[in-house]
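K.L.:
Quick one, fold the following:
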Amino acid sequence: MKPILHLLLPCLLCLPWFTQAAETRPNFLIIIADDLCWRDLGYEGSPDVKTPNLDKLRSGSMHLKGMFNPATSCSPTRHSLYTGLYPIRSGAYPNHTRVYEGTKSLFTHLKTAGYRVALQNKEHVGPAASFPYEHIAGADDLTETNSFVTRDATQPWFMVFASNDPHSPWSRGPKYDPAKITVPPYFHDNAITRDALAKYFGEISKLDEQVGALMKMLADTKQSGSTVVLFVSEQGSSFPYGGKWSVYDNGIHASAILRWPGKVKPGSSSSALMQYVDVTPTFLAAAGIDPTKIDVGCPDAHGATGFDGRSFLTVLLGETDTLRDYVFAQHTTIGTNGAIGPYPMRAVRDTRYKLIRNLAPELTYTIGGIHKGEPIESWQADAKNDPALAARVAHLFNRPGEELYDLQTDPYETKNIATDSALAEIKAKLQKELDAWISQQGDKDLETEKLANTRQGKSDEGHPKAKKNGKGKAKKKAE
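P.N.:
Residues are numbered from 1 along each chain as shown. Got it, this is the predicted structure:
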């Protein structure tokens, strides 16, 4: 046996997962909220929402204040988080979507490297071949979760806990008094808004209870010290101007905290700009795998086969406080419930300014979530006697082709300064960066938008980028 081992050892050592000893490789737990605006958490400064477990987790973590989503609805954000690819490149850009066949995910890479991998509760990704995880049903029972994390003490694990909270309808969690809560300044304050906010806050507290249960499970199984825990808030709430379905910061700015005992300084923070696509290469680097050597299985428009994301491991270790100069985002309406026609958006942001392109400004932006039902109908009724509110409501339905915001002086993005000649140089620089990203992604603007419904369903058959071998499968749809 010794001669055989002597021959095999050089080959084994060249494999990426052998760059770090198995016993030192951490476990990974990602906790994802569902339709949560980053501002609506205790540690982010909410005056009302009670999140004691998340606040405690934050105290032991690094607060990643510069984390951003690349999309504005659940399925595209999750695909990007798990693949390290922006949505249009991977094909997963409308809601209820899937990546191109052959695309690999963090589940693929870590499973290949010897990890056992699982996802609990909300899936919303596909095809199954690209996401080879065990599925654990339910969000409130951790019996099967406990069995997964304790199955084999010699094997590291990676798990995503994907909560359904605080996604509407808001019917879970403790009761908040509508009369005593603070209505954010970007909302219209009336009884209907307050009632809905109180219910939404209750579900955020329900999510917090789940986080507490997960942290207790890690402590009880003596795995707290060996597990990297990342919490992310997803892409904003489904209130008008709550973030979901928009590329304003309420939608694309994510709350993110990461705990890694012995590696990440407790209570620290970083303002480095980063995106969901950066999580996969960071976790691979933390596992001792060089992410720059990975073929993601889905080339970009220029033929590159590496990640769109980049590792922020040096940020976590306190070696630097910079990662990106710009972050990007896109929004696709086709395939969203209640959508009438395309109303695509593209955005680029640096540390101060954001440029937004609305690709069909001549149309009316209409989807089911924020343009129909409550609370928008009560806002429209109140706007009949309130010109300022009327203008704000009108803006929900009709946007100019170009928007520019100074986030330092206008954090809620209410004053469009795109026509300010004094900012022409800044706008031109942002336009150049956005154009370069669009080109790299293979984004053809409205042509891409009109193909969005081909990125839903179960098969790539018939699509221009489809492979000729096999059809693939999509996960069960969820809003």
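K.L.:
lowest-confidence helix or strand of the protein?
P.N.:
Ranked by mean pLDDT, DSSP states H and E, the weakest helix or strand in the chain is helix 2-13, scoring a mean of 39.
K.L.:
The longest helix belonging to the chain packs against which elements?
P.N.:
In terms of residue count, the longest helix belonging to the chain (DSSP state H) is helix 191-220. In this structure, helix 191-220 packs against strand 27-32, helix 52-59, helix 143-149, strand 227-232, helix 376-383, with contacts taken as 3 or more CB pairs under 8 Å, 6 or more residues apart in numbering; DSSP states H and E. For the C-beta atoms, the positions are set from N, CA and C on the backbone; glycine is no exception.
K.L.:
could you redo the last one with a cut-off of 10 Å?
P.N.:
Applying 3 or more CB pairs under 10 Å, 6 or more residues apart in numbering; DSSP states H and E, one finds that helix 191-220 makes contact with strand 27-32, helix 52-59, helix 143-149, strand 157-162, strand 227-232, helix 376-383.
K.L.:
The fourth one pairs with which strands?
P.N.:
Yep, that's strand 157-162 we're talking about. Here strand 157-162 has these sheet partners by DSSP bridges: strand 27-32 (parallel), strand 116-121 (parallel).
K.L.:
out of those strands, nearest to residue 409?
P.N.:
strand 27-32 (32.0 Å; CB to CB).
K.L.:
Which parts of the stretch 351-479 of the chain are strands?
P.N.:
353-358, 402-406 (DSSP state E, counting those that start in this stretch).
K.L.:
okay, the angle between the longest one and strand 402-406?
P.N.:
Here strand 353-358 runs at an angle of 160 degrees relative to strand 402-406 (axes from the mean of the first three to the mean of the last three CA atoms, to 10 degrees).
K.L.:
Direction included, what does strand 353-358 pair up with?
P.N.:
Short version: by DSSP bridges, strand 353-358 pairs with strand 345-349 (antiparallel), strand 402-406 (antiparallel).
K.L.:
which residues touch stretch 400-409?
P.N.:
With CB atoms under 10 Å, 6 or more residues apart in numbering as the test, stretch 400-409 has contacts from 247-249, 253, 345, 347, 349-362, 395, 411-420, 423, 426-427, 430-431.
K.L.:
What's the PyMOL syntax to select whichever of those are buried?
P.N.:
A single PyMOL command selects the buried members of the contacts of stretch 400-409 (16 or more other CB atoms under 10 Å):
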select buried, resi 247+248+249+253+345+347+349+350+353+354+355+356+357+358+359+360+395+413+416+417+426+427+430
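K.L.:
Which of the contacts of stretch 400-409 fall within helices?
P.N.:
Counted as lying in helices by DSSP H, out of those, are 249, 395, 426-427, 430-431.
K.L.:
CSV for those residues, including distance to residue 270 and pLDDT?
P.N.:
What follows is the ones in helices among the contacts of stretch 400-409, written out as CSV (distance: CB to CB, whole Å; pLDDT from 0 to 100):
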residue, distance to residue 270, pLDDT
249, 18, 98
395, 33, 96
426, 24, 98
427, 28, 98
430, 23, 98
431, 28, 98
